[in-house]
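# mind looking at a prediction? Sequence and model below.
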Amino acid sequence: MQKTITIFGSSIPQHGDEQYTAAEKLGELLALRGFNVCSGGNLGVMEAVSKGAVRNNANAIGITLDSVGFTSNKYLTEEIICTSLFDRITKLIQYGDGYVVLQGGTGTLLELAAVWELMNKDLLTVKPIACHSSMWKEVVSVLNDQLRKENRMTDLVKCFNSVEDMVDYLSEKLIRP
C-alpha cells in the first residue's frame with residue numbers, strides 16, 4: 001500500500017512563484033518515490049503539490065473546508081469535505097504517514113503545532129515531519145529550546161533547504177527498513 005505525505009502550506013503562491021515551483025517539484029519527487037500526497041486541497045502550494053503528484057501518476061487527496069472563499073484545486077483525485085477547521089486538521093493528520101510543512105502563515109503554523117503536539121503527548125505515533133524554509137528553521141529552533149527546558153521530546157521536526165533533501169529524508173524514514 002502506498003504511503004501518503006500530508007503537505008501543509010500557504011494558499012497564496014501562484015504559478016511562477018518560487019514557493020509554487022518548489023511545491024510542484026515536491027509533488028513530482030514524492031510521486032516518483034511512490035508516495036501519494038494529501039493537502040488542504042485549495043490553491044497555492046496545495047494546488048502545486050497536487051499537480052506535481054498527479055502528473056507523475058500519484059493520487060492527490062484534498063481535505064477541503066465547506067466554507068465561502070475556499071476553492072478546491074482541479075488536480076485532486078479525491079476530495080473529502082469537512083465542515084469545521086478542526087475536523088479538517090484532524091483528517092489531514094490522520095491521512096499522513098509523514099508530513100511536510102512548506103512556507104505559510106498562521107494556518108500552517110496551527111497545522112504544524114497540532115501534529116507536533118499530538119506526537120509530543122503520545123497521542124499520535126511519531127512520524128517524520130519535514131519543514132522547508134528558513135522561517136521554519138527559526139520557529140523550530142526556538143520551540144526545541146523551550147521543549148528542552150521542559151524535558152519534553154525535541155528534534156521531532158527536521159528542517160531542510162531543498163525539497164530533494166526532504167524527499168530523501170521521508171523515503172529513508174518511510175520506505176527503507
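All right, it came through fine.
# count of residues packed around residue 149?
8 (other CB atoms under 10 Å). In this view, the C-beta of every residue, glycine as well, is placed from N, C-alpha and C.
# just the strands in the protein please.
Along the chain, the segments classed as strands by DSSP state E run 4-8, 36-39, 60-65, 78-82, 98-101, 129-132, 157-160.
# for residue 140, find the nearest of these.
For the strands of the chain, proximity to residue 140 was assessed by CB to CB; strand 157-160 is nearest, at 4.9 Å.
# which secondary structure elements does that closest one sit against?
strand 129-132, helix 134-149, helix 163-174 (3 or more CB pairs under 8 Å, 6 or more residues apart in numbering; DSSP states H and E).
# at 6 Å what do you get?
strand 129-132, helix 134-149 (3 or more CB pairs under 6 Å, 6 or more residues apart in numbering; DSSP states H and E).
# dump the ones you listed into JSON lines; add distance to residue 159 and mean pLDDT as well.
Shown next, in JSON lines, are the helices and strands packed on strand 157-160 (distance: least, CB to CB, whole Å; pLDDT from 0 to 100):
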{"stretch": "strand 129-132", "distance to residue 159": "5", "mean pLDDT": "97"}
{"stretch": "helix 134-149", "distance to residue 159": "4", "mean pLDDT": "94"}
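# nearest to residue 89, of these?
Among the helices and strands packed on strand 157-160, strand 129-132 sits nearest to residue 89 (CB to CB), with 14.4 Å.
# what's the closest one in contact with?
By CB atoms under 6 Å, 6 or more residues apart in numbering, the residues outside strand 129-132 that reach it are 99-102, 157-160, 166, 169.
# so for residue 68, what pLDDT did the model give?
We have a pLDDT of 66 for residue 68.
# swap that for residue 154, please
pLDDT, residue 154: 89.
# same question, residue 109
Taking residue 109 on its own, its pLDDT is 96.
# ok, now which residue in the chain is the farthest from the centroid?
residue 149 (27.4 Å; CA atoms, centre = their mean).
# on that earlier part again, most packed of the helices and strands packed on strand 157-160?
Highest mean neighbour count of these: strand 129-132, a mean of 24 (counted as mean count of other CB atoms under 10 Å).
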